[in-house]
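Q: Just a sequence and a predicted model for now, questions to come.
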Amino acid sequence: LADIRRAYLNIVKCTSNNNNIRSNVNDTSSIDPSRPESSVSGTTSITICEGTGHAGVGSVVGAGNARVAAELGADVVLVANGGLGRAFDELELNRSLCLQYGVNIAGVIINKVQPDKFDQTRNYLTKAIQQMWTGPNGEPAPPILGVVPDRPYLGCPALADVESAFGSVLLSGSDHRYRHYDVGSNVQGRSIGMSMVTTDLAAFLRTMQRQPDSARTMFICHVTRDDVILGFLGEYRRRVRRGIPFQSALVICTGCDDGLGDSSNELELSAEVCEMITDLGP
């Protein structure tokens, strides 16, 4: 157990040890992987170490989150899920371990709060922390740094996630990279979601034109469907001219999977279509 703990702490220290090394973030030539002090913190102004679970996770090998924070000399931000009594109870348990190891609590974040209880949760927990955590000599209690509402779309993929999943780059619409899409909602009969285009162009255009202005549908088609791609671009331009919001996206698949992993037959968009897409701008 001692060996596991030492190995774990060495890994963490190698990526968070704050020494007097400062270099350009794009210049890694001065980083020596054999020296712990030649670390990530040498190229950044702040290093965030995410602890999994509560402050005691890792204690079985003598490397609980609170103890690791103490050995690193790091401040801690406690995160608890929304609620009132239960949320404060969780914070109090984590605070106890931080106090045991002399770790400074820089602040608190309350996550996944029901929108209709947002103000109530923030006000109650602010008062509770101020009342219960103020030190005996008047030391200030840590502040609540943020209260995050539980919005359904936060659990839905954004276009940036699609880029990452497919190892690709948006051809246009990069300004909307963090727009979320509820890709499973069409199963529930709503007008937004994910739709594989298998119909002819006329049916596809009818589908788009019947969507409400607020619809966010992620359409998927094959690269050989020039008619669908051009129809999508045409509908976008039609709505822009009329000042109608357009939030749908089109994922174009270029693969030609033969089941054997052979990608030699992978197809590409024509240069003319690529130019029309990029002309749409960011």
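A: Everything's here; your move.
Q: any idea how far the residue nearest to Asp226 when sequence neighbours are not counted lies from Ile229?
A: Closest residue to Asp226 apart from its sequence neighbours, by Cβ to Cβ, 6 or more residues apart in numbering: Val273 at 6.4 Å. For glycine as for every other residue, the C-beta is placed from the backbone atoms N, C-alpha and C. Relative to Ile229, Val273 is positioned 6 Å away (Cβ to Cβ, to the nearest Å).
Q: just Ser270 next, same as before
A: Distance of Ser270 to Ile229, computed by Cβ to Cβ: 10 Å.
Q: picking up where we left off before, more neighbours, Val273 and Ile229?
A: Per other Cβ atoms under 10 Å, whichever of Val273 and Ile229 has more neighbours is Ile229, with 22 against 17.
Q: and that one, that one's in a strand?
A: No. Going by DSSP: H, G, I helix; E, B strand; the rest coil, the assignment for Ile229 is helix, not a strand.
Q: got a list of what it touches?
A: Ile229 makes contacts with Cys221, Leu250, Ile252, Leu269, Val273, Ile277, as judged by Cβ atoms under 8 Å, 6 or more residues apart in numbering.
Q: Let's verify the last one: helix, strand, or coil?
A: Look at Ile277: counting by three-state DSSP, its state is helix.
Q: and what of the second one?
A: Reduced to three states with three-state DSSP, the structure at Leu250 is strand.
Q: Please name the bridge partners of it.
A: Leu250 has these beta-bridge partners by DSSP bridges: Phe219.
Q: quick one: it and Phe219 touch, right?
A: Yes. At 4.9 Å, Leu250 counts as touching Phe219 under the criterion of Cβ atoms under 8 Å.
Q: which residues of the stretch 151-282 of the chain fall in strands?
A: 193-196, 217-222, 249-253 (DSSP state E, counting those that start in this stretch).
Q: what about the closest residue to Val183 other than its chain neighbours, how many residues close to it?
A: Among residues not flanking Val183 along the chain, Met194 sits closest, at 4.0 Å (Cβ to Cβ, 6+ apart). Using other Cβ under 10 Å, Met194 has 18 neighbouring residues.
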